[in-house]
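J.: One predicted model, sequence on top.
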Amino acid sequence: MWYNNLSKDDNSGNDLYPLFMYYLMAHNVAPAQFGVDEASYYHDQFGSTVLKTRNRRANSHWIARANREVFSHDSWSRIHRREYKATPKRWGRLRGAVAAVNTAFSWAGQASLTIAGTVTFGVANMLNGTKYLDSPKKWRL
């Protein structure tokens, strides 16, 4: 077969590809458009390992920040303002209606991500906290 003739030395520089992709993903990050994106950015920055207290703290901060950003009293107006600016002016009178539809779907997407993340990180915090069951003094979540 033809693939038997291939050897590990035929990469010819492909070993740098994963490093290049890591550099692009770590350094060319677009600015956060939503509050959930910003909360996720800070979570990834401060909660690197799963089984440490620092990650539990990062999970708790993500839950608080994402819920505050999505379910606050002014989240709809912030999203609508951004969507209105992003809607082309050629829509004329329909620009506000198109922005309202985009706002509704953007908010629904953010809310579903927030609920899913809250459940996921809450369960992770609870499971991560089970290592303290042998000592009742350390039962903190």
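T.: Structure's in. What do you need?

J.: So for A86, what pLDDT did the model give?
T.: Looking at A86, its pLDDT is 92.

J.: and if you look at the one 4 residues further on?
T.: The predicted structure scores R90 at 92 on the pLDDT scale.

J.: what do you get for S48?
T.: Among the per-residue scores, S48 shows a pLDDT of 60.

J.: and if you look at K52?
T.: Predicted confidence (pLDDT) for K52: 66.

J.: Ok, the one 3 residues further on next?
T.: Taken from the predicted model, the pLDDT recorded for N55 is 79.

J.: quick one: it from A124, how far?
T.: When Cβ to Cβ, to the nearest Å is applied, the distance between N55 and A124 equals 8 Å. C-betas here are computed from N, CA, C, even on glycine.

J.: Check L16 too.
T.: According to Cβ to Cβ, L16 and A124 sit 34 Å apart.

J.: repeat for M21
T.: Distance of M21 to A124, given as Cβ to Cβ: 26 Å.
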